[in-house]
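[1] Show me how the following folds:
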Amino acid sequence: LALLHEASMGKTKEELSRVLTGRVVPSSSVSSYYSSLLTSISEKNCALTMLIANRIFLHKECVLKQEYLDNIGRL
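    This next block holds a predicted model:
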């Protein structure tokens, strides 16, 4: 959902923000939160192994904006 949040705008972005954080927050706050959460979990519990798979499927003619690629790179 965080990947979708980064690509959304307007009301959809607000709704996803509420789902992910419980309130409407800036996009950078959502990505920072999940990045920090993953780092915190991995640092605090060495017995924990977390495997995460994210994938988006695009039409072959679709080109992603560099800003989106930069933002999801921080997740």
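[2] who touches the helix ranked longest in the chain?
    Using DSSP state H, we find that the single longest helix of the chain is helix 27-44. With contacts defined as C-beta atoms under 8 Å, 6 or more residues apart in numbering, helix 27-44 is touched by 2, 5-6, 13, 17, 20-21, 48, 50, 52, 71-72, 74-75. From N, CA and C alone the C-beta is placed, and that goes for glycine too.
[3] Tell me which of those residues fall in helices.
    Going by DSSP H, the helices hold 2, 5-6, 13, 17, 20-21, 71-72 from those.
[4] just to revisit the earlier point, how distant is the longest helix of the chain from the center of its chain?
    10 Å (C-alpha atoms, centre = their mean, to the nearest Å).
[5] ok, now stretch 20-33?
    9 Å.
[6] Do me a favour and average the pLDDT over it.
    Throughout stretch 20-33, pLDDT has a mean value of 81.
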